[in-house]
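Colleague: need a structure here:
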Amino acid sequence: MKIFILGMPESCRTTVAKALCQEQGFTYIDSYSWIKNSFRPQRSNEHPEQYLDEYHHWYLNRLKEKNLNIDFINGIISCYQKDSNWVIDGINNPHDFTNLFDYNKDFVVFLNRTDNQDSKSKDYESIGISVIRDYCFWLSSAGLLSKHKWYEYNFKLIGGSPDRFKAMGSKNSVFILGSIEKVIDHLKQALILG
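Modeller: As a prediction, the model looks like this:
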């Protein structure tokens with residue numbers, strides 16, 4: 001089983017993914033860092049915005065190699081037991097997601113941080129996440145993706161009230177929680193006990 005943790009930069013994807021992997025039987029795959037570390041390091045006198053612009057330009061050119069991320073992730077999975085549970089952090093490319101996601105057995109988790117003021121993201125990142133969400137809506141509407149395999153969490157990093165919990169969603173399971181800690185606790189219970 002693969003668990004895809006999706007969200008915009010600064011949405012706590014890595015925090016949630018690594019917290020899940022503290023549980024027995026879950027292995028972390030960091031596709032975002034793998035791609036980012038394939039790019040050159042930032043130069044000492046380089047402005048951060050210039051570095052990020054060059055990174056994004058480089059990344060978009062790398063996307064022309066259609067199966068770059070797919071091959072990386074499948075390569076890691078093939079080295080281990082087939083029945084492992086994989087937590088995949090950092091997919092924002094719909095092509096990668098649709099080729100890696102098996103709606104019969106995998107889970108998808110969208111993190112929507114409501115207090116995220118991220119200004120580093122590019123349009124293609126938010127559009128990519130939206131396209132993946134739309135694909136999940138299509139799967140769900142066709143009866144292929146169970147709402148119990150598609151979680152969306154709306155939360156604040158520094159929480160609201162610690163006991164706030166609201167569930168909704170007809171095609172997916174949408175939760176409004178008070179903090180990232182609540183998200184992690186709920187997701188662990190849902191995936192490990194559920």
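Colleague: residue ranges in the protein under the pLDDT threshold?
Modeller: 81-83, 117-121, 158-169, 193-194 (pLDDT under 70).
Colleague: where do the strands sit along it?
Modeller: Using DSSP state E, the strands of the chain run over 2-7, 26-30, 85-89, 107-113, 150-155, 165-168, 173-177.
Colleague: count the residues that sit near K171.
Modeller: By other C-beta atoms under 10 Å, 15 other residues sit near K171. From N, CA and C alone the C-beta is placed, and that goes for glycine too.
Colleague: for it, what are its contacts?
Modeller: K171 makes contact with C136, F137, S140, S141, K147, W150 under the criterion C-beta atoms under 8 Å, 6 or more residues apart in numbering.
Colleague: which among the residues you listed end up buried?
Modeller: C136, S140, W150 (16 or more other C-beta atoms under 10 Å).
Colleague: now render the strands of the chain as a markdown table, adding distance to F72.
Modeller: Shown next, in a markdown table, are these (distance: least, C-beta to C-beta, whole Å):
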| stretch | distance to F72 |
| --- | --- |
| strand 2-7 | 14 |
| strand 26-30 | 8 |
| strand 85-89 | 10 |
| strand 107-113 | 19 |
| strand 150-155 | 24 |
| strand 165-168 | 35 |
| strand 173-177 | 29 |
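Colleague: can you give the distance of the longest helix belonging to the chain from its chain's centre?
Modeller: Longest helix in the chain by number of residues (criterion: DSSP state H): helix 123-141. Distance of helix 123-141 from the chain centroid (C-alpha atoms, centre = their mean, to the nearest Å) equals 12 Å.
Colleague: that concludes my questions; thank you for your assistance.
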